[in-house]
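Q: Give me coordinates for this.
(8 chains, ligands or ions: 3)
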Amino acid sequence: MNSFFKYFTDIFNGVKSLLKGMSVTGRYFFSPGSIVTQQYPENRKTLKMFDRFKGEVIMPHNEKNQHHCTGCGICANNCPNGSIEIVQDKIETPDGKKERIIDKHIYHLSMCTFCGLCIKSCPSNALSWGQEFEHAVFDRSKLTKILNKPGSSIIKDITE
Amino acid sequence: MKEADFRDNDTLELFKHSGGNILFTTIDAIMDWGRANSLWPLTFATSCCAIEMMAAAAPRHDFSRFGMEVYRASPRQADMIVVAGTIVNKMAPVLKRLYDQMPDPKYVIAMGACAVSGGPFFYNSYHVVRGVDHIIPVDVYVPGCPVRPEALLYGVMQLQRKIKLETLTNPRKTENLQ
Amino acid sequence: MTTNQLMFVIFSAVIIIFSILTVTSRRILRAATYLLFVLVATAGLYFLLQFNFLAAIQLTLYVGGIVVLIIFSILLTSHLGDKLEAPGWKKTVPALFVAVFGAVMCTITILQYNFPMEVITGSDRTKIREISYSLVSTEKFGYALPFEVISILLLASMIGAIILAKKRKD
Amino acid sequence: MKEVINPPVRNIEDEEYHINIGPQHPSTHGVLRMVVSIQGETVKSLKPHCGYIHRGIEKMCEKDTYQQIIHLTDRMDYLSAHINNHVVCLLVERALEVAVPERVQYIRTIVDELTRIASHQLWWGCFGMDMGGQTCLLYGMRDREKIMDIFEESFGSRLLHSYYTPGGLMGDIHPNFQKRVKEFITYFRKKIHDYDNILTGNVIMQERTKGVGILTKEEAIDYGVTGPIGRASGFSCDVRKYHPYGVYDKVDFKEILGTQGDTFSRYMMRMHEMRESMKILEQLIDNIPAGDYSAKMKAVIKLPAGEYYQRVEAARGELGVYVVSDGNKTPYRMKFRSSSFSNLSALDHMSRGFKIADLIAIGGSLDYVIPDIDR
Amino acid sequence: MFEGVPLQWFLVTGTIMFFVGIYGFLVRKNLITILMSIELILNSVNINFVAFNKILYPGHLEGMFFTIFVIAVAAAETSVAIAIIINIYRRIVNIDVEKMNEMKY
Amino acid sequence: MDFSIYDFTSFNQGIDKFFFENLTPFWATVVEMTIIGLVFLIFYALVALFLIYAERKVCAFMQNRVGPNRVGPYGFFQLIADFIKLMLKEVIPIKNADKFLFNLAPFIVVIASFMAMAAIPFAKGLHAVDLDIGILYVIAVSSMGVIGILLAGWSSNNKYSLIGAMRSGAMIVSYELSVGLSLITIIILSGTMQFSAIVEGQANGWFIFKGHIPALIAFVIFLISSTAEANRGPFDLAEAESELTAGFHTEYSGIKFALFYMCEYMNMFIVSSIAATVFLGGWMPFHIGGCDGFNHIMDFIPPFIWYLGKTFFLVWVMMWFKWTFPRLRIDQVLTLEWKYLLPINLVNILFMAFIVLMGWHF
Amino acid sequence: MSAESLILFFIVGAFLVGFAVVFAHFVAPHSTNPQKSEPYECGIPTEGVTWLQFNVGYYLFAIIFLVFDVESVFIFPWAVVMKELGMVAFVEILIFFFVLGLGLLYAWKKGALKWE
Amino acid sequence: MDNATLKERILELVPNAEYQENKQFPTFIIPPDKMHDLALKLKQEADLAFDFLFCLTAVDRIEFFEVVYHLESTQLKHQLELKVRTANRENVAVDTVCDVWRTAEFHEREAYDLMGITFNNHPDLRRIFLDENWKGHPLRKDYVDEVNIIER
Ligand code: SF4
Ligand code: SF4
Ligand code: SF4
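A: Ligands and ions are numbered 1, 2, ... in the order given. From the prediction side, this is the model:
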């Protein structure tokens, strides 16, 4: 007899639990306000990343096309996966000293893991985070970038 | 999104075929429209980027707006494979086989630094394939580690643009791409 | 040729062709599929004869029941690539002889017998209500007893099947 | 009359049949491959084949400095990335005997717990999906996005942050951090009821999980199964309790122990753990002391020669790291004792005698992260 | 509305089907195919029943009821037969009649 | 009651007469059926497409998403894109598969559901055939579908599909019983199996209300078992994604897969429309005895709308099931059927017979 | 409209669906590679033959199903006239159900309804 | 049990074990042939009760290999580190402990795979991560692989 009743209580409890679950989905179905979707390409205008967003490593240039990078290579050393290659150039400064400056600051976006070590370790704060995230391309070689813009030069610090 | 907002338009130009006659262009347009807007991905994910792929399918970013939420577990019914995550030497033949088993036309998105180039495991690792394009032909590269869901959606839109260049007279033959 | 004749010809052609295929196909599941066609075509014949109820029963029991069961057992007992052995000549020739001989004899007999033609009169359609009444009624032309007996038959076959098929615990 | 022969009795129901699940399979949570011997649909034995995502992280660590290693640990158990970072940082700090500022410890603890919740949310979704309720996955992901927002605002990325460095943090938390965490707690306290309604109480799910995949306490210890799975079996193994790090010794939280050791109790364990984590968060979030976000560290970190071991409680169980240093800036040998790896070894034992569908549920309740197994 | 198809046509169809079934029954070695042949035979009989009923005794239902009961019995028969076949298969992993003599106890 | 504005009977008869007057009976039938077949096929495809779209939207809303919205207004052309894509997709021939059966299987499934649709009344007089054994016919025809699934699973030379096919085979045949038996409850009440007569019988109250508790129980059982019949979640263990990748249609690609995919939705539609017809009065408007004004207003809504409304409501309920519940395990599925639904059903039939005997029904 | 027109209905359906398949066959691209037509098994080459492990559970249900199917088919006509015949029909079905209930009970007790 | 008594106990069990100073765990170097016996005793004896092997590592020490066992007792909460050294680089067999602690089974397979240490009596000593036909053991210090490794 006991098992007979259990048979029915089982059915009852089971149905109850199922209805409970259905109430959750049902409630969401009827409350379109709970939709959380951000419609990406449509909201492109208004979409703003958080200001600390790590999109890519960039080298800010000022309006005179100048940057801070000295070409010391510390960032390349610190980068855990070799995403940065520094090609140095030797020039002769006006006062006759031989000096190394940056020729190409090559940045492999395709390998970067956005760990931030390069930015943190750069002694002259030449690098920073870019907010761009739309990187998809058809050709992998497009992902290798030269961060210092052509013809750019280094900002001489006031302290010098 | 406007054409100019996209990156890498110059590479896209290279894919363009010279136009056919008008009848064919309409058919092509319909065909490409169908294909581009109905990309069913294969459930294929190996590591971290997979989580972001799931996030892209999640309510916040909602893949399904692109008609892509129909994840197919069987490659026979999938149109596209999103290689999300690292591919290692042991996995490479599996990936190749899965790709081979998909019906034409099929597309590949390399998602994440690992799939694009080996990413953090490019140097010093003994078991990582440095970019899935060594194994299968890749249509769109989406760098990032991990890729933001938005970036993936952007990559999908890039792929859609690429698909829209196909023509009936000059169909895409994946086997010849390699 | 009337619609009915055409239909009949189609159906009997399907029946004959696929029943021959059923007994000659060397892939067993295909044989079962051909059998399925035969049975569906038979159901079609019943529809043609306006025994709708019967046709539905044919579909439910034969097609949806027996054939499914047969397919199930085939799925369990044979592999995809399996082919049945071709029967040897020693078996085929006598069997063929018997079958063809019998078929020809019977056909000749049937064709020679003079059945009354053109007898169709009265109600053209068998109503389900009539069938139901005679199935349940206990009077003359009532089938209440067989109806109950069927239940016993079913009980027996079920018990038999379970006893046979249940895994013995040893 | 013919002689009576007993035909050779071949019991075909007992013959084994192998079925291959994975590497590309929706419910192996990645690229695990399992070769399952089944009999009928009952699992006789199971052989996990790993290595489909073996990336050689341990080898790579031998070439990297300690700061660089952090970004590799992120990619092991990517769902508890912060906790993985934490273990390496703790190890370095312990080896160098650096005093980490109080603020850092608080933040680390909070972030660890947030990570744990995020990981469990994702697990809940995946488990629901393994059980066939796809909606669960989407609800889990939906709520997880809130945590992702908190992370992204402060650390700049969603999943893998490389936020901890030996000695401290990469940067300070965002001013909004506390506010957002509090918002999240109120939000999630509501949503977790939905979780209960839709899955926990569901009769189908209960029938499918209760009494399935049982692991006793002894077996759990024997297999080295830790984390929620071990605790579901009654194995009290919370590193946060026994070897406290961060500020876990200052907060009040319970280590909840299960008794059944079945899939359902593993499930419940994580549900409880999410609530416990929220409790921890509530205690800490208002009390973050002011101070530096990093201790003073040398630019090049060299550990004194010797061996070090550090354990923390990751979302999936105990995470250990063993370092042999020869005094260089790179470790001589680095071994990660990942929780999923040990947990996986019990899968064979747990799933024997259950159905394939149960295997999926058991696998879901194990919540393995494949790169954590393979490294 | 039914007209035009002579009774003989039905009978001939039934006959041919019947003998095809007989042929299968004699030739086939696999138990399941034998069972299928038997179904063919039963089916051919059913056709005859129904045709006779419809064309010769249109007001009556005997032929139909016979058919119904034949189908019911066939179903019962099949279920038991399949149970036996499965049992045999479990014992000797074969369902060939010629191998069946191994089964003799 | 006046349904004359929406009565299709005369319309149908008119067409019928037109053909039979102008053509020989043979050609009249052929032409008529071809036209009807075409119309039905188009309807079939459209409904299937719409349902796929609806499902994607419904599940999106249940999951706090927006669902397809980028292709056409509200993403409505998504399905057309999918359809075009599937049509243009390569169909892979499978090695070692039994080609004949492999290609046949989707046909069987499609035809089974297509034939079942023939008997459903969409409005008064709007049906392809009105058999006096309507319900039995639908059950008979749809019982063929399972054969297609079994053949598909066996012939694709794949372990997953074979297991999936066996599972869904065992499941579908089991639940077929419940579908049939729960309908018997209503047949007792209405005393007929003819769909049109069943609908007429509900003119002053739907059977679900007329038949008290047994009808309600039968309705619930029908809903559950027809969900299983249609291979829908939570009974979708044939295509249990998390275990068997895609179940019996793992190896199907392109258009053949599309047929299976469509069939799933069509089956759902068919079982819902049967439920709507049998339990909820089909195209009958909602009437409350006594309130004539109300009844008149209800009469102005075309029966076709009533029918579709009820059907889609039930379809929506089935989607609701799918997107809420976790999947059952195969043994739970069978236990549910054989230990719960079937005995309850049998008792329910007796109960209903007793009620009818006593005249307690309305 | 007559029942036999169902057959035409059938033919039209089959024909049109077949047309769709054939059409798709012509427009769809084709390509081959050695692995494409191999059976899919999560990306691993299949080992051994593909066939199902013998599992009595499935077909036992099919057998019991068949029996009950016969039963349900016989109840249909009964159900139609139940209302009119009243008591007689009710008693008949009681006996019928009683006998079948025995069968169900037997199967239940024997454990045939337990899937394994 | 505190570390001092633990030290005594271990030395009592294995007299020729070598105690190593370590800030974290009491560490012993155990002769390879004694390890299995010791493992059994460590697990079984009530005052030791080391039932939880939480880590097993193999280290390439150039001249020899070292297998490191980290043990904990779940009741008594004391921890222990054991090391077993192989004689040289060529003969690298160590007795398995996976009959004592089941978790060792996977860890030993890993050590075999990546470090090339064979474990006697291991039930299923296959490569766990790499392909069966992979050459060499990558975590060894002398592992070279021109094809797959790009050095930085
Ligand atoms: S970016 Fe900074 S670290 Fe890198 S080379 Fe330039 S100055 Fe040096
Ligand atoms: S962010 Fe990290 S990975 Fe990227 S370039 Fe800088 S150091 Fe290298
Ligand atoms: S690219 Fe980065 S996030 Fe993606 S799989 Fe590789 S390591 Fe993981």
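Q: For the closest residue to chain A within chain H, which non-adjacent residue is spatially closest?
A: As assessed by C-beta to the nearest C-beta, chain A sits closest to residue H:152 within chain H, at 5.0 Å. C-beta here means a position set from N, CA and C on the backbone, and glycine is covered the same way. Spatial nearest neighbour of residue H:152, excluding adjacent residues (C-beta to C-beta, 6 or more residues apart in numbering or on different chains): residue B:123 at 3.9 Å.
Q: and residue 30, how many neighbours?
A: Using chain A here. Using other C-beta atoms under 10 Å in any protein chain shown, residue A:30 has 11 neighbouring residues.
Q: um, chain H though
A: Residue crowding around residue H:30 was assessed by other C-beta under 10 Å; the count is 23.
Q: need the contact list for the spatially most central residue of chain G.
A: Centroid-nearest residue in chain G, with C-alpha atoms, centre = their mean: residue G:62, separated by 8.8 Å. Residues in contact with residue G:62, defined by C-beta atoms under 8 Å, 6 or more residues apart in numbering or on different chains, are C:68-69, C:72, F:169-170, F:173.
Q: same thing but 6 Å
A: C:69, C:72, F:173 (C-beta atoms under 6 Å, 6 or more residues apart in numbering or on different chains).
Q: and the residues you listed as a markdown table, adding pLDDT and secondary structure?
A: Shown next, in a markdown table, are the contacts of residue G:62 (pLDDT from 0 to 100; DSSP: H, G, I helix; E, B strand; the rest coil):
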| residue | pLDDT | secondary structure |
| --- | --- | --- |
| C:69 | 85 | helix |
| C:72 | 82 | helix |
| F:173 | 83 | helix |
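Q: Identify the residue spatially nearest to the closest residue to chain C within chain B, adjacent ones excluded.
A: Across chain B, no residue is closer to chain C than residue B:76, which sits at 17.5 Å (C-beta to the nearest C-beta). Among residues not flanking residue B:76 along the chain, residue F:253 sits closest, at 4.0 Å (C-beta to C-beta, 6+ apart).
Q: so that neighbour sits right up against residue B:78, yeah?
A: No - using C-beta atoms under 6 Å, residue F:253 is not in contact with residue B:78, being 9.0 Å away.
Q: In the chain, which residue is most central in space?
A: Using chain A here. Nearest to the mean C-alpha position of chain A, by C-alpha atoms, centre = their mean, lies residue A:55 at 2.4 Å.
Q: Can you look at chain F instead?
A: residue F:270 (1.6 Å).
Q: hang on, it is in a helix, isn't it?
A: Yes - Residue F:270: assigned to a helix according to DSSP: H, G, I helix; E, B strand; the rest coil.
Q: where do the helices sit along chain H?
A: Secondary structure of chain H (DSSP state H): helices located at H:3-13, H:35-44, H:104-115.
Q: would you list those helices in a markdown table and tack on distance to residue G:69 and mean pLDDT?
A: Shown next, in a markdown table, are the helices of chain H (distance: least, C-beta to C-beta, whole Å; pLDDT from 0 to 100):
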| stretch | distance to residue G:69 | mean pLDDT |
| --- | --- | --- |
| helix H:3-13 | 72 | 76 |
| helix H:35-44 | 60 | 79 |
| helix H:104-115 | 51 | 83 |
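Q: ok, residues contacting the helix or strand of chain C with the lowest mean pLDDT?
A: In chain C, the helix or strand scored least confidently by mean pLDDT, DSSP states H and E is helix C:128-136, which has a mean of 73. Contacts with helix C:128-136, where a contact means C-beta under 6 Å, 6+ apart, come from C:53, C:141-144, C:147, E:61, F:132-133, G:77-78, G:80-81, G:85, G:89.
Q: CA atoms of it as CSV?
A: C-alpha atoms of helix C:128-136 as CSV (Å, rounded to 0.1, in the frame of the first residue of the first chain):
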residue,chain,number,x,y,z
ILE,C,128,-16.5,1.9,-38.9
ARG,C,129,-19.7,1.9,-36.9
GLU,C,130,-20.9,-1.4,-38.4
ILE,C,131,-17.6,-3.0,-37.8
SER,C,132,-17.6,-1.8,-34.2
TYR,C,133,-21.1,-3.1,-33.6
SER,C,134,-20.3,-6.5,-34.9
LEU,C,135,-17.0,-6.6,-33.1
VAL,C,136,-18.6,-5.9,-29.8
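Q: centre of the chain versus that helix, how much separation?
A: Relative to the centre of its chain, helix C:128-136 is centred 23 Å away, using C-alpha atoms, centre = their mean, to the nearest Å.
Q: Please apply the same query to stretch D:200-210.
A: Counting by C-alpha atoms, centre = their mean, stretch D:200-210 comes out at 23 Å from the chain centroid.
Q: Check stretch F:322-336 too.
A: 20 Å.
Q: And chain D, is that stretch touching that?
A: Yes - using C-beta under 6 Å from any C-beta of the partner chain, stretch F:322-336 reaches chain D at F:323, F:325-329, F:332.
Q: which residues in chain B form helices?
A: B:9-15, B:22-37, B:48-57, B:92-100, B:112-117, B:149-163, B:174-177.
Q: what pLDDT, on average, does the second one get?
A: Per-residue pLDDT values over helix B:22-37 give a mean of 76.
Q: which strands and helices sit next to that helix?
A: helix B:149-163, helix F:78-87 (3 or more C-beta pairs under 6 Å, 6 or more residues apart in numbering or on different chains; DSSP states H and E).
Q: Restricting to C-alpha, output the first one in PDB.
A: Put plainly, it is helix B:149-163. Taking Å, rounded to 0.1, in the frame of the first residue of the first chain, the C-alpha atoms of helix B:149-163 are listed here in PDB:
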ATOM      1  CA  PRO B 149      33.000  37.800 -28.500                       C
ATOM      2  CA  GLU B 150      32.600  41.000 -30.400                       C
ATOM      3  CA  ALA B 151      35.800  40.400 -32.200                       C
ATOM      4  CA  LEU B 152      34.600  37.000 -33.100                       C
ATOM      5  CA  LEU B 153      31.400  38.500 -34.400                       C
ATOM      6  CA  TYR B 154      33.400  40.900 -36.400                       C
ATOM      7  CA  GLY B 155      35.400  38.000 -37.800                       C
ATOM      8  CA  VAL B 156      32.200  36.300 -38.800                       C
ATOM      9  CA  MET B 157      31.100  39.400 -40.700                       C
ATOM     10  CA  GLN B 158      34.400  39.400 -42.400                       C
ATOM     11  CA  LEU B 159      33.800  35.800 -43.400                       C
ATOM     12  CA  GLN B 160      30.300  36.800 -44.700                       C
ATOM     13  CA  ARG B 161      31.900  39.400 -46.900                       C
ATOM     14  CA  LYS B 162      34.200  36.900 -48.200                       C
ATOM     15  CA  ILE B 163      31.500  34.400 -48.900                       C
END
